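A.B. asks: Sequence plus the predicted model coming up.
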Amino acid sequence: MPLKSIARKQLPLEDEISLHEKGWMIQRIGWVLMTIFLVLALLGFFGQGPVSKKEVQAGNIHVSYERFGRYEHGMQMKFQSSGEHISTISMPIDYLEKFRMNEIIPKESRQITSAGYVNFLFEGANNALVIFQLIPVRSKTVGGAFKVNANSFSIKQTIYP
């Protein structure tokens, strides 16, 4: 009997070393993928973080919001003015159907629906900052054209499940 066949009978694991090597390779690939996923999450690709923060300016109105959100996880949209008070914010009805309005700070005086928009009207001279606290109720890409006073801009967000 050759020496090689005797060694195989004594050490049956040697027959399976190729399977172990494949398992180790799959394990390394899994660790790399988990590390990439963790880095993307820390950067904000799945919610709050530096990559997720988006700012848009139209005229003297500055809007900040999150590009990436999660289903049923609250998010804020801030409208800030440098020079005039915010009297009207118009949001598309299609956009608002994908969110539950949690709170508006300061509270709007009235809401008027017209031409595919919900118009939030604010009274007073101290409305330089208006914050909408929204909760996504659908996971998909949402967006639309918004209007603040006489300024228009577009917003696009991705909501993950």
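C.D. replies: That came in fine, so what should we check first? Numbers count the residues shown, from 1 in each chain.

A.B. asks: Give me the phi and psi for residue 60.
C.D. replies: phi -100, psi 10 (degrees, to the nearest 10).

A.B. asks: buried ones in the strand ranked longest in the chain?
C.D. replies: Across the chain, the longest stretch assigned as strand under DSSP state E is strand 151-160. Residues of strand 151-160 classed as buried by neighbour count (16 or more other CB atoms under 10 Å): 151, 155, 157, 158, 159. The C-beta positions use only the backbone N, C-alpha and C, and glycine is treated the same way.

A.B. asks: Look up the residues forming beta bridges with residue 92.
C.D. replies: residue 117 (DSSP bridges).

A.B. asks: Can you give me the separation between it and residue 68?
C.D. replies: Counting by CB to CB, to the nearest Å, the gap from residue 92 to residue 68 is 20 Å.

A.B. asks: what's the answer for residue 75, then?
C.D. replies: Applying CB to CB to residue 75 and residue 68 gives a distance of 9 Å.

A.B. asks: Ok, residue 143 next?
C.D. replies: Counting by CB to CB - residue 143 and residue 68 are separated by 13 Å.

A.B. asks: okay, now the domains of the protein?
C.D. replies: Per automatic domain parsing, the domain ranges recorded for the chain read 3-43, 53-160.

A.B. asks: Return the most buried member of the ones you listed.
C.D. replies: Most buried of the domains of the chain, by mean neighbour count (mean count of other CB atoms under 10 Å): domain 53-160, with a mean of 16.

A.B. asks: mean confidence for that one?
C.D. replies: Across domain 53-160, pLDDT averages out at 88.

A.B. asks: can you tell me the distance between the two ends of that domain?
C.D. replies: 16 Å (CA to CA, to the nearest Å).

A.B. asks: And for stretch 124-131?
C.D. replies: 16 Å.

A.B. asks: Please, where are all the strands along this protein?
C.D. replies: 53-58, 61-66, 68-70, 75-81, 88-92, 99-105, 110-114, 117-121, 129-136, 141-148, 151-160.
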